[in-house]
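K.L.:
next input, structure requested:
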Amino acid sequence: MMSDVMTKPHQLIASDRVEGTAVRRPNGDMIGHIERLMIDKVSGKVSYAILSFGGFLGMGTNLLPLPWARLTYNPKFEAYQLDIDDDELKRAPSFRADKDFDWGDRSQEVELHRYYGIPPYWGGF
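P.N.:
Numbers count the residues shown, from 1 in each chain. Purely as a prediction, here's the structure:
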């Protein structure tokens with residue numbers, strides 16, 4: 001019986017399958033890949049995807065925290081889609097791969113949501 005459950009199509013994906021997935025523009029151009037997900041401990045909902053982009057051989061890589069609601073999955077490319085131009089990407093709040101974003105500072109999260117025009121996952125603005 002268990003094999004029947006495993007082979008049926010479904011809408012769920014394991015977090016380890018999301019990590020490393022490409023992020024592309026609507027035209028298919030590669031932006032980067034998902035480094036990791038940030039999940040709200042209380043609600044269990046995915047709050048952010050951390051986009052890894054830039055750099056070469058892991059050096060100079062920037063990490064861009066994206067509100068999860070900003071991404072859509074595109075089955076054509078088997079990638080997450082982000083409609084963002086280079087200028088918006090360069091101005092977006094980000095942090096270096098060798099440092100971490102201060103997830104305890106709600107004001108930084110508010111800044112992220114204002115930048116993207118996406119209401120915060122916790123409600124309000």
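K.L.:
going forward, measure contacts and count neighbours with C-alpha atoms only.
P.N.:
OK.
K.L.:
with adjacent residues omitted, what lies nearest to residue 52?
P.N.:
Distances taken as CA to CA, 6 or more residues apart in numbering place residue 63 nearest to residue 52, at 4.7 Å, with adjacent residues excluded.
K.L.:
what's the helix or strand for that neighbour?
P.N.:
In the assignment (DSSP states H and E), residue 63 maps to strand 62-67.
K.L.:
related to what we said a few turns ago, surely the residue nearest to residue 52 is in contact with residue 48?
P.N.:
No: the pair residue 63 / residue 48 is not scored as a contact, 11.7 Å apart, by CA atoms under 8 Å.
K.L.:
between these two, point out the one with more neighbours.
P.N.:
residue 63 (26 against 21; other CA atoms under 10 Å).
K.L.:
roughly how far apart are that one and residue 20?
P.N.:
Distance, residue 63 to residue 20, by CA to CA, to the nearest Å: 13 Å.
K.L.:
between the two, what contacts are shared?
P.N.:
residue 35 (CA atoms under 8 Å, 6 or more residues apart in numbering).
K.L.:
after the helix or strand harbouring residue 16, which helix or strand is next?
P.N.:
Per DSSP H and E: residue 16 is located in helix 15-18. Per DSSP H and E, the first helix or strand lying C-terminal to helix 15-18 is strand 22-24.
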